[in-house]
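**Student:** Return a 3D structure for these sequence lines:
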Amino acid sequence: MKKELQLPVENIKGVGEETTQLLGEMGIQTILDVLEYFPYRYEDYELRDIETIKHEERVTIQGKVQSMPTLQYYGKKKSKLTFRILIGRVLVSVVCFNRPYLKEKIQLDELVTVTGKWDQNRLIITASEVKIGESTEKGTIEPVYSVRGKLTVKGMRRIIQLALKQYGSGIEDFIPQELQTKYKLLPRKEAITYLHQPISPNHVKHGRRRIVYEEFLLFQLKMQALRKVQREQGEGMAKQFDVKKLQTFITSLPFPLTKAQERVVSEIKSDLSSVYRMNRLLQGDVGSGKTVVAAIGLYATYLAGFQGALMVPTEILAEQHFQSLKEILEPFSVRVELLTSSVKGVRRRELLGQLENGEIHILVGTHALIQEEVNFTNLGFVITDEQHRFGVKQRKVLREKGINPDVLFMTATPIPRTLAITAFGEMDVSIIDEMPAGRKVIETYWAKEQMLERVLDFVEKELSKGRQAYVICPLIEESEKLDVQNAIDVHGMLSEHYRGKWNVGLMHGRLSASEKEEVMRQFSDNKVQLLVSTTVVEVGVNVPNATMMVIYDAERFGLSQLHQLRGRVGRGSEQSYCILLADPKSEVGKERMRIMTETNDGFVLSEKDLELRGPGDFFGNKQSGIPEFKVADMVHDYRALETARNDAQILIQSKEFWHEQKFQLLRQYIYHTGVLDGEKLD
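**Tutor:** Numbering: from 1, shown residues only. Model prediction:
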């Protein structure tokens, strides 16, 4: 990377102290930052034929004013101006927000040029710009940048033009020529210029195509290099286990493995016997049989003479896993024990001593496993369930209890492939995408709020059969800002409705850990038949007797979250139901409800959720591991992401990449990000 591009922004002629400070607040420090500050959209001033415009496109149209503008005021100093124009034989409504002064300027039969967002269904254009008279800027495309403070879009355009003029010649191409030729990519300098100074939509398209591939390739090179280092420098211990004994164990299970489970077991066995340390993510929908796969891996570890550990986020989940593993493994002389913060005193000291001298083969527990006094003899396999619930440091501490143990992360949150290969690019990903035979599909219904009485009758019908039910609400207490049901109000209403018949419990995030555990224990023991809760029951609760799930204001949840909530029922042999109470106003909200009633496949839902919500919302706020690209979009550009990942894998594995001159700039990028130590890999 040329040093001149690393110079501070004040080196651009015409950029003063105040502008430098404003740019700094926007995260723009260097000349390269300026050049890579791309527009988030473009204003297209080319006049369009109304017949060719697509719904929600940003366009420029021209027509004669057919009605005098009407002005409405609302809120504090907010206004809405509406008038109609005739384009050919089509009457179009123009809506302008917060520009009341236009009322005096717009006259009947006058020609106006309007730029804005087109609503095909209602023939409305929401104007960002209105010009009186004929357009004088036919065919121009203007980049629009995100700005703040006193800095205007025009000001930002000027700064970028100055930077291109003075320093554009210093933009280097670091993508190898053969890849540029293979994919017909523009040179980097040309692509950046096209994005800032486009003459036609084609310029934007080709400039964007080059930068999208580049962003994905650089990120995937970093991920694949990190994976290579972790594999080759994190020396694993090849585990030798008796394959026949392992097969006998698998055959003894009360049910045959699905093909998906068999595939994943084969991948885990291969990792365990490899000299490289396992670093694998296991995805499996609720009820797909991840615990059985974990048990097989733990038994193979035991046969090889090593200890195993399974860390889960809650005590109840730890107890459930402990009981399951004990039942499966103890007949084969494997000693499984449980360690949580509830295990105290003499019992705790006994357990820790037995763990240290190797008498305990498998330890299941919560974050209690990572406390300093917990020592293993020879920890060889670490499994973390619902790994996103633990911090990176917590997972790291558990790994360090052994000498480079194999690591398996499990999650019941189906992650779309595009996100998995981006956020978890340095890991191997296994997927159990098949349900065990005979498992009943949860019947899902969408009901409007006015059908609540019928829904409550349905719940009562299930409870009278001896079953249990969940009722989920989006908020704990009433909010002035949001008109949504809250857990405390709903708990009060249901307690009154079912008074003398059923016990109604309440759970939410403000309860302490011990209070939550107690509520869940009462529900598990059927002392509470109806549990009103916020989304804290989303992960890791297993009450097979619960067959009913009612979700209030379901439109407020994403598809993946709704699916996770639905997965709390359907865990026993009885038919289970999920009712979505929702009155969505938006098309996206209605689409979510439709999709939920049509499929129970978590991976299908996760892909749809990603399309509807975008990657930023999928994991919640700024989940670490999801990169922010300047131009690329993981959802819409997924083919480019797959291509870049394959190219990155080939490059990282090739000797030429690490030694040939033509790859020098790419190598510099990887070292510059701090992922690698140059000396170790050369």
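**Student:** who's in contact with stretch 369-377?
**Tutor:** Residues outside stretch 369-377 that contact it (Cβ atoms under 8 Å, 6 or more residues apart in numbering) are 307, 309, 311, 339, 352, 355-358, 363, 368, 394, 397-398, 401-402. For glycine as for every other residue, the C-beta is placed from the backbone atoms N, C-alpha and C.
**Student:** how many other residues sit next to Pro254?
**Tutor:** 7 (other Cβ atoms under 10 Å).
**Student:** swap in Met596?
**Tutor:** Neighbour count of Met596, defined by other Cβ under 10 Å: 24.
**Student:** Repeat that for Arg454.
**Tutor:** The burial count for Arg454: 11, using other Cβ under 10 Å.
**Student:** Look up phi and psi at Gly492.
**Tutor:** phi -60, psi -40 (degrees, to the nearest 10).
**Student:** average pLDDT for stretch 160-173?
**Tutor:** The pLDDT scores in stretch 160-173 average 93.
**Student:** Which positions in it come out as buried?
**Tutor:** Ile160, Leu162, Ala163, Leu164, Tyr167, Gly168, Gly170, Ile171, Asp173 (16 or more other Cβ atoms under 10 Å).
**Student:** One more: stretch 329-337?
**Tutor:** Those would be Leu329, Val334, Val336, Glu337, for stretch 329-337 by 16+ other Cβ under 10 Å.
**Student:** Give me the subset of these lying in strands.
**Tutor:** When DSSP state E defines the strands, the subset of those inside them is Val336, Glu337.
**Student:** Show me which of the buried residues of stretch 329-337 is closest to Thr52.
**Tutor:** Distance to Thr52 across these (Cβ to Cβ) is lowest for Leu329, with 66.5 Å.
**Student:** List the residues that contact the closest one.
**Tutor:** Ala295, Leu298, Tyr299, Tyr302, Val336, Ile362.
**Student:** Return the per-residue confidence for Gln220.
**Tutor:** Reported pLDDT at Gln220 in the predicted model: 87.
**Student:** pretty sure it contacts Arg645?
**Tutor:** Yes - taking contacts as Cβ atoms under 8 Å, Gln220 lies within contact range of Arg645: 4.7 Å.
**Student:** related to what we said a few turns ago, is it possible to get CSV of the buried residues of stretch 329-337 that adds pLDDT and distance to Arg348?
**Tutor:** Compiled in CSV, those are given as follows (pLDDT from 0 to 100; distance: Cβ to Cβ, whole Å):
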residue, pLDDT, distance to Arg348
Leu329, 96, 22
Val334, 96, 21
Val336, 97, 17
Glu337, 96, 11
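**Student:** Export the buried residues of stretch 329-337 to TSV and append columns for distance to Leu272.
**Tutor:** Putting the buried residues of stretch 329-337 into TSV (distance: Cβ to Cβ, whole Å) gives the following:
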residue	distance to Leu272
Leu329	16
Val334	16
Val336	18
Glu337	22
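**Student:** nearest to Gln240, of the buried residues of stretch 329-337?
**Tutor:** Distances from Gln240 to those, taken by Cβ to Cβ, are shortest for Val334, at 17.4 Å.
**Student:** how far away is that closest one from Ala582?
**Tutor:** 47 Å (Cβ to Cβ, to the nearest Å).
**Student:** mind showing which ranges of the stretch 501-650 of the chain have poor pLDDT?
**Tutor:** Scanning the stretch 501-650 of the chain for pLDDT under 70 picks out the ranges 537-541, 613-627.
**Student:** which residues of it fall in helices?
**Tutor:** Listed from the start of the chain, the stretch 501-650 of the chain has helices (DSSP state H, counting those that start in this stretch) covering 513-524, 559-566, 587-598, 602-613, 615-618, 638-653.
**Student:** Identify each buried residue in the helix or strand following the longest one, please.
**Tutor:** In the C-terminal direction, the helix or strand that comes right after helix 638-653 (DSSP states H and E) is helix 655-659. By neighbour count with 16+ other Cβ under 10 Å, helix 655-659 contains the buried residues Phe657.
**Student:** Stretch 18-36 too?
**Tutor:** Those would be 19-20, 22-23, 26, 28, 30-36, for stretch 18-36 by 16+ other Cβ under 10 Å.
**Student:** Mind putting those residues into a markdown table with secondary structure and pLDDT?
**Tutor:** A markdown table is the format used below for those (DSSP: H, G, I helix; E, B strand; the rest coil; pLDDT from 0 to 100):
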| residue | secondary structure | pLDDT |
| --- | --- | --- |
| Thr19 | helix | 92 |
| Thr20 | helix | 93 |
| Leu22 | helix | 91 |
| Leu23 | helix | 94 |
| Met26 | coil | 91 |
| Ile28 | coil | 93 |
| Thr30 | strand | 93 |
| Ile31 | helix | 94 |
| Leu32 | helix | 93 |
| Asp33 | helix | 93 |
| Val34 | helix | 95 |
| Leu35 | helix | 96 |
| Glu36 | coil | 94 |
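**Student:** Of the residues you listed, just say which sits nearest to Glu214.
**Tutor:** Nearest to Glu214 among the buried residues of stretch 18-36, with distances taken as Cβ to Cβ, is Glu36, at 10.4 Å.
**Student:** Phe83 contacts Gly63, doesn't it?
**Tutor:** No - here Phe83 does not reach Gly63: they are 10.5 Å apart, not a contact under Cβ under 8 Å.
**Student:** which of the helices of the stretch 501-650 of the chain is buried the deepest?
**Tutor:** Across the helices of the stretch 501-650 of the chain, the average number of neighbours (mean count of other Cβ atoms under 10 Å) peaks for helix 559-566, which reaches a mean of 24.
**Student:** just the contacts of stretch 369-377 now: which is nearest Gly289?
**Tutor:** Met311 (19.7 Å).
**Student:** Share the number of residues neighbouring the closest one, please.
**Tutor:** Around Met311 there are 27 other residues, counting by other Cβ under 10 Å.
**Student:** Next: the one 5 residues further on.
**Tutor:** For Ile316, the number of neighbouring residues by other Cβ under 10 Å comes to 21.
**Student:** Please name the nearest non-neighbouring residue to it.
**Tutor:** Met520 (5.2 Å; Cβ to Cβ, 6 or more residues apart in numbering).
**Student:** these two touch, right, that neighbour and Leu317?
**Tutor:** No - Met520 lies out of contact with Leu317 (Cβ under 8 Å); the separation is 9.7 Å.
**Student:** May I see the buried residues of the longest helix seen in the chain?
**Tutor:** Ranked by number of residues, the top helix in the chain under DSSP state H is helix 201-233. Buried residues in helix 201-233, counting neighbours by 16+ other Cβ under 10 Å, are found at 203-204, 206-231.
**Student:** so that helix versus helix 638-653, what angle?
**Tutor:** If you take axes from the mean of the first three to the mean of the last three Cα atoms, to 10 degrees, helix 201-233 sits at 40 degrees to helix 638-653.
**Student:** Determine the set of other helices and strands touching the next helix or strand after helix 201-233.
**Tutor:** Note on helix 201-233: by DSSP H and E, the next helix or strand toward the C-terminus is helix 243-252. Counting contacts by 3 or more Cβ pairs under 8 Å, 6 or more residues apart in numbering; DSSP states H and E, helix 243-252 is packed against helix 290-303.
**Student:** contact partners of whichever helix or strand comes after the helix it packs on?
**Tutor:** Next helix or strand after helix 290-303 toward the C-terminus (DSSP H and E): strand 307-311. Contact with strand 307-311 is made by 294, 297-298, 301-302, 321, 325, 355, 358, 360-367, 369-370, 376-385, 390, 398, 401-402, as judged by Cβ under 8 Å, 6+ apart.
**Student:** Among these, which ones are in strands?
**Tutor:** Ile362, Leu363, Val364, Gly365, Leu379, Gly380, Phe381, Val382, Ile383, Thr384, Asp385.
**Student:** what separates the closest residue to the second one other than its chain neighbours from Tyr276, distance-wise?
**Tutor:** Spatially, and ignoring its direct neighbours in sequence, Leu363 is nearest to Ala309 (5.1 Å; Cβ to Cβ, 6+ apart). Here the criterion is Cβ to Cβ. By it, Ala309 lies 20 Å from Tyr276.
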